[in-house]
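Peer 1: My questions concern the predicted model and sequence given below.
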Amino acid sequence: MHWILGIALTVLVFWGLKQWGAMSAEQRKRNGWKLVLIGFAGVLLVLVLTGRIHVITAAIAGLLPLLKKLPALLRYLPSLSRYQHQRQQEQEKRGAGRREQAASSATMTVREACEVLGVDESCSRDEVIMAHRRLMQKLHPDRGGNDYLAAKVNEAKVVLLARHH
């Protein structure tokens with residue numbers, strides 16, 4: 001089996017040398033790096049398949065030739081940081097708007113709190129806690145609900161529990 005692989009590799013090398021000899025000097029210069037990279041990738045592939053090198057090490061070694069493009073990529077770094085800074089400012093503005101909206105809205109009345117939790121106005125403290133727990137299991141953002149509804153349920157609980165004190 002090894003001699004068949006050796007013959008195939010020998011034929012491949014002779015064919016490659018014949019193609020290389022038929023190229024002009026300009027084509028050789030242009031295709032030289034491609035040939036080196038293809039050979040490097042082939043060696044890494046053989047080493048991975050035979051178990052002589054770990055896949056992650058081979059991936060890192062495969063990325064090494066791309067380091068020559070690193071200076072060109074670093075030119076874009078300032079624009080990326082500017083983009084991140086703009087996004088952060090937009091998020092801060094949205095957060096400030098939500099806080100202002102929450103502060104400007106009137107506090108919830110006892111009647112509204114009872115409607116939100118689905119309890120009577122004469123409910124006990126335990127009924128408020130159970131209704132809150134039941135709704136939060138459905139509406140909590142970690143369980144597929146949203147922040148607004150969870151905040152309303154929490155506000156209703158606070159209003160109703162404050163009434164009991």
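Peer 2: Perfect, thanks for sending it.
Peer 1: hey, which helix or strand in the chain has the poorest pLDDT?
Peer 2: helix 77-104 (a mean of 65; mean pLDDT, DSSP states H and E).
Peer 1: Looking at the helix or strand that that one is followed by now, give me its mean pLDDT.
Peer 2: Helices and strands here follow DSSP states H and E; after helix 77-104, the next one along the chain is helix 110-117. Across helix 110-117, the average pLDDT comes to 92.
Peer 1: contact partners of the helix or strand just after helix 110-117?
Peer 2: Using DSSP H and E, the helix or strand that follows helix 110-117 in sequence is helix 125-139. With C-beta atoms under 8 Å, 6 or more residues apart in numbering as the contact definition, helix 125-139 has outside contacts at 117-119, 123, 143, 145-146, 149-150, 153-154, 156-157, 160-161, 164. Where C-beta positions appear, they are placed from N, C-alpha and C, glycine not excepted.
Peer 1: nearest to residue 69, of these?
Peer 2: Nearest to residue 69 among those is residue 146, at 43.2 Å by C-beta to C-beta.
Peer 1: Backbone dihedrals for the closest one, please?
Peer 2: Main-chain dihedrals, residue 146, degrees, to the nearest 10: phi -130, psi 170.
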